[in-house]
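# here are the coordinates; sequence isn't available:
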């Protein structure tokens, strides 16, 4: 049990001492992407090889979270404590293990697979949320504490009042990272102000957009940061119970979070009387069964309650009537992971990163026809050009860029004329798309935009819960209509219907899923109408 | 006075709506002076005429012939009135959409047939069935809709009366789907 | 959860000043003042789910249309129950309902006694604005008294709610998702095998279409039974 900041620092120092005795470290990425390429085996074999050579006292093998460049996995970095030098190796496969260990034995670099960390992909990023990703062991709470973890929480619990915390978050200008961009401080304040014996903090880890994996990486790489953010949120809103809703398709993230919760409880960082402060807070994990709509606030709540994951009409909002009818804050994983840094460095510090209305950084998952597929954290306000061409390395296979889809099935596409657009909530909205949770799909010239719209509409159709008519029938009708265009059998009347139906589904659906489902259609019509007209047959 | 050049046609339906038309009884005599009936099951014209003012269509579109003729009707008619549920919703005719045309042919020409020596569907004389039965407005623009199964004679009378006089009526007072 | 105090609120519907209690919905107040708003999933005495979207109205200042059945009234709000936009949106939504399953009126038990038909008259929808989807579902006629024909179901969930909220049996729920959603009994088994169904028939008599109907019964008896069930719902709602 840790009861004070002093004890926490003691533990951190102790851990740091241990660390100092280690000369070298091989950090194997054990995020989902690298694991799917066999990172588990590689980690195991590296350990055996190191032991076989008798190097275990000099070089330790450690599993770490995602360091971003998923396209070139499995990533292994070689860290030297004496020089703080970190060499990144890419595309490591099982066959590389012996040679890699041999090079370590000979104190040489394994030059064959060195990844250049001076490339823009690494140098142009600003890591706040992902500061520990690829560095600490997500399975080890002490590693997190040694890197300054939970110190902010202890400071908050002992030195601050809930209103101070809320105020600091308000000053920071942090907006929800799940897609809507609602000011987090304001959300907390509204729950804080409601009188109730029981309030809840719910963390939304039901990341479901095709091509989005920010939250997964975050939960896998630094689960304690999410917990710390949640506990602070609980303190600020006077909630005593938190739930993390994670989709069951993220088994590694679930495992990491669950282990983190156990470790935190053991140290008294979760549970009754956290750090002897008089504040009780505990967290439980709830698994989502794979329904995309359960990422929607009210459906997620219904799902946690054990009901069918159907959304309900708002208002009442969650701040008045949330989980089991009690005032509830629902924040996205990334939003909560921003909290410790904000309270550590102050709202003003955070506000100075990004743009005036979109502060801080944002994690993006770069996917599609892009060279550097992976995860990046950049300050808000960076341009699409910088993100796609400098950090992302440009379009793959030497093709030309056609558009960028943001916001997943709820978002829209951005054509190339807006490449110099600043990436922030308001600018993206002005061109007809949304920030969304951070999925960024790069589309090259060979792609058909009607097919893209169809892909997303078909996705929404299968994701619709079926409760309200416009979403249930509308997404089906729109999918069928788009199929007519793809088969080049549409009529002029179909085009009018496509637009009208999109408008009705958007304007009348019960929840956000239906209300945003037509966005990919509307935005591709807006910028690529000619591709629709090509699907109209002449009669 | 120029007479209204009228055509009526019976596509995939049961002819009930045409019967209903006749059920206007003595009111037909009242309407007769306004019309020249150019083409109809009631008269014996083979080719669909040109320059038709109003074509009343009963029945859904089920075959390639139906599709062809409705396009010709649209090209040759100023106004089209879809008469009855089959023309408007597909109704009974479209119930086979739930099983697909193939199943219907199987049933009709194999399972229930007494003689079908060749074990083949007729393919030369009989029009080919469409994949799905569709209401008129899925193929062409339709100007007026008069639902009902069959559309009551009163509704037909009021509608035609309104068309003659150039007035607008609320058809829901006289008919609805399934009436 | 904090219980709000009930107060009297005045506001305007279609420029007419009306008053209601703060715990009332727009729809309830509109009905009390004889202002017509079309509904389909709504049934007096059952909870409101806002799923058919036909009762959408315009509230001045609101970004989108709001369902009257779930919206609580507010002081000074200005509500419009009809406009070009509302009417066209309602027609499109009703078209979607018609297009979803096979509503062949002429062969339906409920022909002439069907709320879906009534809506087409109320909203003056004379043809579907969207193509028919043509999906087919298996009919469940296993129960000795009742039939469930999902091909006529509009997924209004009245049966689910009446079974849960009034009968307390919870025998019916919605299974599947999206366009494949279906009313199911217990764990999606034939109606006759449902352990929770009490065969009370409430679901049948709140069904707005011919999706649930009783076998071998006269039209008169249908009317009588429906009256009984619906009065029961009304009385319960009033006594609560």
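Here it is on my side, so go on. Everything numeric here is computed off the predicted structure, so don't read it as measured data. Numbering: from 1, shown residues only, chains lettered A, B, ... in the order given.
# how does the chain divide into domains?
You didn't say which chain, so I picked chain A. Here the domain assignment for chain A is A:19-117, A:149-351, A:361-444, A:449-533, based on automatic domain parsing.
# sorry, should have said chain C
C:8-82, C:88-239.
# just put those in a markdown table and tack on distance to chain A, mean pLDDT and mean neighbour count.
To be clear about C-beta, it is placed using only N, CA and C from the backbone, and glycine gets the same treatment. What follows is these, written out as a markdown table (distance: least, Cβ to the nearest Cβ, whole Å; pLDDT from 0 to 100; neighbours: other Cβ atoms under 10 Å in any protein chain shown):
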| stretch | distance to chain A | mean pLDDT | mean neighbour count |
| --- | --- | --- | --- |
| domain C:8-82 | 4 | 96 | 18 |
| domain C:88-239 | 3 | 96 | 19 |
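# tabulate the ones you listed (a markdown table), appending distance to chain B.
A markdown table is the format used below for the domains of chain C (distance: least, Cβ to the nearest Cβ, whole Å):
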| stretch | distance to chain B |
| --- | --- |
| domain C:8-82 | 13 |
| domain C:88-239 | 2 |
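# which of the ones you listed sits closest to residue B:178?
domain C:88-239 (2.4 Å; Cβ to Cβ).
# average model confidence for stretch A:524-531?
Regarding stretch A:524-531, the rounded mean pLDDT is 96.
# who's in contact with residue 176?
No chain was given, so I picked chain A. Contact analysis of residue A:176 by Cβ atoms under 8 Å, 6 or more residues apart in numbering or on different chains lists A:182-184, A:187, A:331-332, A:335.
# ah, I was thinking of chain C
Under the criterion of Cβ under 8 Å, 6+ apart, the neighbours of residue C:176 are A:466, C:182, C:184.
# just residue A:233 next, same as before
So residue A:233 contacts A:188, A:201, A:239, A:242, A:329, A:331, A:336, A:339 (Cβ under 8 Å, 6+ apart).
# show me what the longest helix along chain C is packed up against.
Longest helix in chain C by number of residues (criterion: DSSP state H): helix C:219-239. Under the contact criterion of 3 or more Cβ pairs under 8 Å, 6 or more residues apart in numbering or on different chains; DSSP states H and E, helix C:219-239 touches helix C:202-206.
# let's see that with 10 Å instead.
helix C:202-206, strand C:212-214 (3 or more Cβ pairs under 10 Å, 6 or more residues apart in numbering or on different chains; DSSP states H and E).
# surely residue A:514 and residue A:472 touch.
Yes - under the criterion of Cβ atoms under 10 Å, residue A:514 makes contact with residue A:472 at 8.2 Å.
# joint contacts of those two?
Contact with both residue A:514 and residue A:472 is made by residues A:464-465, A:505, according to Cβ atoms under 10 Å, 6 or more residues apart in numbering or on different chains.
# so which of those residues belong to helices?
Cross-referencing the shared contacts of residue A:514 and residue A:472 against helices under DSSP H gives residue A:505.
# helix/strand/coil for the residue sitting furthest away from the middle of chain B?
Most distant residue from the mean C-alpha position of chain B: residue B:117, 33.9 Å away (Cα atoms, centre = their mean). Assigned with DSSP: H, G, I helix; E, B strand; the rest coil, residue B:117 falls in the coil class.
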